[in-house]
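A.B. asks: Generate a structure from the sequence data that follows.
(2 chains)
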Protein chains: 2
Amino acid sequence: MRLSRYFLPVLREVPKEAEIVSHRLMLRAGMIRQQASGLYSWLPLGYKVLMKVQRIIEEEQNRAGAIELLMPTIQSADLWRESGRYDAYGKEMLRIEDRHEREFLYGPTNEEMITDIFRSYVRSYKDLPLNLYHIQWKFRDEVRPRFGTMRSREFLMKDAYSFDEDKDSAVKAYRRMFVSYLRTFRRMGLTAIPMRAETGPIGGDLSHEFIVLADTGESAVFCHADLLDKPIPGIDTDYEGDLQPIVDDWTSLYAATEDIVDMAEYEQAVPEEKRVSARGIEVGQTFYFGTKYSEPMKANVTGADGKDTPVHMGSYGIGLTRVLPAIIEASHDDDGIIWPVSVAPFEAVLINLKAGDDACNSACEELYAELADAGIDILYDDRDQAAGAKFATADLVGIPYQLIVGPRGLKSGEVELKHRKSGEREAVPLAEAVSRLKSLIVPQRMDQV
Amino acid sequence: MRLSRYFLPVLREVPKEAEIVSHRLMLRAGMIRQQASGLYSWLPLGYKVLMKVQRIIEEEQNRAGAIELLMPTIQSADLWRESGRYDAYGKEMLRIEDRHEREFLYGPTNEEMITDIFRSYVRSYKDLPLNLYHIQWKFRDEVRPRFGTMRSREFLMKDAYSFDEDKDSAVKAYRRMFVSYLRTFRRMGLTAIPMRAETGPIGGDLSHEFIVLADTGESAVFCHADLLDKPIPGIDTDYEGDLQPIVDDWTSLYAATEDIVDMAEYEQAVPEEKRVSARGIEVGQTFYFGTKYSEPMKANVTGADGKDTPVHMGSYGIGLTRVLPAIIEASHDDDGIIWPVSVAPFEAVLINLKAGDDACNSACEELYAELADAGIDILYDDRDQAAGAKFATADLVGIPYQLIVGPRGLKSGEVELKHRKSGEREAVPLAEAVSRLKSLIVPQRMDQV
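C.D. replies: As a prediction, the model looks like this:
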């Protein structure tokens, strides 16, 4: 993409309304724009990152055997009356009347609707296990939306729903999602720690929140330090095999949110030098809630014994529009965002220090074509602007590698390669620039880990 | 994908509520499920096709220089008061009050919001031309939703918005979208004819509807027969070059919808043997409406002469959730859907005639792995069911090629290949099945036309 033809409205001023660094940087980097309280447009750069996050989630959900579909944003109130949540949900639910004065709502989650889909089609235990997910916009009418897309009203969530014959199988389904979450977040460059948590309005008796540590986190968390650098299950993980050892390995070390922590238990379980008391951002949550919805909504399956029983369910959420600011909270410096390669809006930026100069232009055009051919997701800063402004933009928007082409370097057949994260700069022979970049970028894509 | 682990709830009965064939087939093939009047879930098979349609649109929009972003579904009423459309829009607009009794609406289109984004960031003619698009769910509260997703209330639309300095440049932007639409629809296997049309509530004085001919179409259309088999502009089309000759070539032949047709003009312009009076389905519409929104909303740019003038705009829609039924209306038979390869939910289905038989199983497993390696989007019907049921499902859901593996064929080292569209069957040596399929499928992907 040529920057001169892109739409990247970076801001020089620090927006006053933004309280946390991710919100400030997302506004400044031209990723989002607030349209009304808690409602955001995703500008091209932000949308590109959002879609990379979505792809990773889809790949890992599919790998774990979940199947993607899409439910509508607007739901009938009657469906929520069946589960009893219509009245219970309170003011966070955006309630809507259509032209015929029928009651609807903008879905804050989809347990009821997916249960309705399930009961319409599935009758037999032979069709289980089943795990259906979608990635759809949801709405929660927060009293006081804040922190940008971290706590917006309209937000994008992946929610998966598992259906099983009994609790045993349902716990196995839970483990598949648990393991896939470990992989999903790490692939985005996040260290997300599963912590025992309250189940809240979803219900159930088994739940984990996946928490990213950050000073700006909304809640206090308590965990064992060894969880911070535990290796994730690899790409060869067999989701049809026994995942209990992996889950046990992760859950045997203490980790709990403030809602549920027992300080005496924590201090007994974790040696003092291993205690991490910090603040955390929740990026995902997993629930097993058994027959909470299937019973009132009569979602039954016929077992091998010919008897009908309510299906056992779990649900598994990831807040995509929270994941982005969480990554930024975990990875930035004074100059701007530092994207991990796997979710970077562009993997590298080609900076032409002297747009208009014949030698610079032709070297850049050639590199741009070669980088695109090599499959690098490249932004070409071809604008007629001062070098300082180009560097500032590249640092602010956080592209992992900057390939800097100037008249002086070209005379000696060299370009400069800057690593955004370390600040390291290296001179690279022009002819080797593409292969050098590729050798840095490909292993960091995290698509084969 | 193994069918035994997929979620494909096909229906045997013909649903009574469905009036047109595409609605019936989408329900029967397990593509969609109605959740309430005009509200649909996209089940896995339907969602897969929807996403293939979306990819084609994105590729062709990007090729034509448009840039993707994403605006929220919920919009502030105040924004629509600025353009004067809040009161004018009537009951089709779904109006919403939040918990603080502030007025919002579920966006039926996005002229106001994109104009607001534009005026917030763009000041100079130097930043033009600009074309921003998004693919987002919209809502129109139809009195009587019908025909499945052809006229649903919640629907998925691609809407692009062009911004230019003056009418001349705006007309060039219009032509870029016009040409990209010709390519977009043809790549989906549709013959969509651009016809002069009314501008309706969007406004403006230049507009085309892109119409697919079908007996079940909602409106009568009148055009020259030569438009039906005109070759589309190729992949090498230069969107920065002069597109007027292409547009003139298409618009010089008469084509108009019933709203705007002048029968005398039609009969004079088209020789009797070339007159096509038919019914049509609108799958896209393009508008140039000048300063209709930029003037009241004060979206000005400073020109080379230092003067501020309202920016000239156009908008360009494609209804994704209409495109799918339109493809089915145009391509089906008594047995079910016939998908063009480019948007088929799977490119081929591997049918194991005797699941459980060692020879059949091992031949199928090997083929399944090889087909996936060869990049074929393959469904493997590994279920323990009668051959007849498997054939019926494959025909109903419309997968372009069926690779049929049975014990008898295997004994002579052969499998059967059925072409869904022609019904043709050929015996293929087992060892050549993958390459034969690939040679049929790859050219029909339409990604290089």
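
A.B. asks: quick one: residue A:397 and residue A:338 touch, right?
C.D. replies: No: contact between residue A:397 and residue A:338 fails when scored by Cβ atoms under 8 Å: they sit 10.4 Å apart. Every residue, glycine included, has its C-beta placed from N, CA and C.

A.B. asks: For the residue nearest to residue A:227 when sequence neighbours are not counted, list each beta-bridge partner.
C.D. replies: By the measure of Cβ to Cβ, 6 or more residues apart in numbering or on different chains, the closest residue to residue A:227 outside its immediate chain neighbours is residue A:193, 4.9 Å from it. Note on residue A:193: beta-bridge partners by DSSP bridges are residue A:211.

A.B. asks: Please look at residue A:193 and residue A:255 and confirm they touch.
C.D. replies: Yes: assessed by Cβ under 8 Å, residue A:193 is found in contact with residue A:255 at 5.5 Å.

A.B. asks: intersection of neighbour lists for the two?
C.D. replies: Shared between the contact lists of residue A:193 and residue A:255 (criterion: Cβ atoms under 8 Å, 6 or more residues apart in numbering or on different chains) are residues A:211, A:221, A:223, A:227.

A.B. asks: Dihedrals phi and psi, the last one?
C.D. replies: Listed backbone geometry of residue A:227 is phi -70, psi -20, with angles given as degrees, to the nearest 10.

A.B. asks: before we move on, back to that, distance of the residue nearest to residue A:227 relative to residue A:276?
C.D. replies: When Cβ to Cβ, to the nearest Å is applied, the distance between residue A:193 and residue A:276 equals 9 Å.

A.B. asks: which one of the shared contacts of residue A:193 and residue A:255 is nearest chain B?
C.D. replies: Ranking those by separation from chain B, with Cβ to the nearest Cβ as the measure, puts residue A:211 on top at 27.0 Å.

A.B. asks: Now for that closest one: which residues touch it?
C.D. replies: For residue A:211, the contacting residues are A:192-195, A:217, A:221, A:255, A:257, A:280-283, taking Cβ under 8 Å, 6+ apart as the criterion.

A.B. asks: how about a markdown table for those, with neighbour count and secondary structure added?
C.D. replies: Putting these into a markdown table (neighbours: other Cβ atoms under 10 Å in any protein chain shown; DSSP: H, G, I helix; E, B strand; the rest coil) gives the following:
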| residue | neighbour count | secondary structure |
| --- | --- | --- |
| A:192 | 26 | strand |
| A:193 | 25 | strand |
| A:194 | 24 | strand |
| A:195 | 27 | strand |
| A:217 | 19 | coil |
| A:221 | 25 | strand |
| A:255 | 26 | strand |
| A:257 | 20 | strand |
| A:280 | 28 | strand |
| A:281 | 28 | strand |
| A:282 | 21 | strand |
| A:283 | 25 | strand |
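
A.B. asks: coming back round to it: which residues do residue A:193 and residue A:276 both contact?
C.D. replies: Common neighbours of residue A:193 and residue A:276 (Cβ under 8 Å, 6+ apart) are A:213, A:221, A:223, A:227-228.

A.B. asks: Taking the residues you listed, please make a ChimeraX selection of just the buried ones.
C.D. replies: Applying 16 or more other Cβ atoms under 10 Å in any protein chain shown to those, the buried members can be selected in ChimeraX as follows:
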select /A:213,221,223,227
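
A.B. asks: what's the closest of the shared contacts of residue A:193 and residue A:276 to residue B:308?
C.D. replies: Closest approach between the shared contacts of residue A:193 and residue A:276 and residue B:308, by Cβ to Cβ: residue A:213, at 49.4 Å.

A.B. asks: which phi and psi does the closest one have?
C.D. replies: phi -70, psi 130.

A.B. asks: any idea how far it is from residue B:354?
C.D. replies: Residue A:213 sits at a distance of 55 Å from residue B:354 (criterion: Cβ to Cβ).

A.B. asks: repeat for residue A:44
C.D. replies: When residue A:44 is compared with residue B:354 (using Cβ to Cβ), they lie 52 Å apart.

A.B. asks: still on that earlier bit, give me the pLDDT value at the residue nearest to residue A:227.
C.D. replies: The score at residue A:193 is 97. That number is its pLDDT.

A.B. asks: mind listing what residue A:404 touches?
C.D. replies: Going by Cβ under 8 Å, 6+ apart, the list of residues near residue A:404 reads A:351, A:353, A:415-418.

A.B. asks: circling back to that earlier point, for the shared contacts of residue A:193 and residue A:255, which one is nearest residue B:270?
C.D. replies: Compare each of these with residue B:270 using Cβ to Cβ and the shortest gap goes to residue A:211, at 68.3 Å.

A.B. asks: picking up where we left off before, need the max-distance pair from the contacts of residue A:211.
C.D. replies: A:194 and A:217 (15.4 Å).

A.B. asks: can I get the contacts of residue A:211 in a markdown table with distance to residue B:298?
C.D. replies: Conversion of these to a markdown table gives the following (distance: Cβ to Cβ, whole Å):
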| residue | distance to residue B:298 |
| --- | --- |
| A:192 | 45 |
| A:193 | 49 |
| A:194 | 51 |
| A:195 | 50 |
| A:217 | 41 |
| A:221 | 48 |
| A:255 | 53 |
| A:257 | 48 |
| A:280 | 44 |
| A:281 | 39 |
| A:282 | 41 |
| A:283 | 40 |
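
A.B. asks: ok, so of the residues you listed, who is nearest chain B?
C.D. replies: Lowest distance from chain B to these (Cβ to the nearest Cβ) belongs to residue A:283, with 20.0 Å.

A.B. asks: That closest one: what's it in contact with?
C.D. replies: Each residue near residue A:283 by Cβ under 8 Å, 6+ apart is listed here: A:185, A:190, A:192, A:210-212, A:318-319, A:322-323, A:326.

A.B. asks: so can I have TSV of those showing distance to residue B:115?
C.D. replies: Conversion of the contacts of residue A:283 to TSV gives the following (distance: Cβ to Cβ, whole Å):
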residue	distance to residue B:115
A:185	38
A:190	37
A:192	39
A:210	39
A:211	40
A:212	37
A:318	33
A:319	30
A:322	29
A:323	30
A:326	32
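
A.B. asks: hang on, residue A:421 is in a helix, isn't it?
C.D. replies: No: when the secondary structure is assigned by DSSP: H, G, I helix; E, B strand; the rest coil, residue A:421 falls in coil instead of a helix.

A.B. asks: Give me the pLDDT for it.
C.D. replies: Among the per-residue scores, residue A:421 shows a pLDDT of 97.

A.B. asks: Please save the CA atoms from stretch A:173-186 in CSV.
C.D. replies: Extracted as CSV, the C-alpha positions of stretch A:173-186 are listed here (Å, rounded to 0.1, in the frame of the first residue of the first chain):
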residue,chain,number,x,y,z
ALA,A,173,-15.0,-29.7,25.3
TYR,A,174,-14.1,-27.0,27.9
ARG,A,175,-10.5,-28.2,27.8
ARG,A,176,-10.3,-28.0,24.0
MET,A,177,-11.3,-24.3,24.2
PHE,A,178,-9.0,-23.7,27.2
VAL,A,179,-6.0,-25.1,25.2
SER,A,180,-7.0,-23.2,22.0
TYR,A,181,-7.1,-20.0,24.0
LEU,A,182,-3.6,-20.5,25.3
ARG,A,183,-2.5,-20.8,21.7
THR,A,184,-4.7,-18.0,20.4
PHE,A,185,-3.5,-15.3,22.7
ARG,A,186,0.2,-16.2,22.5
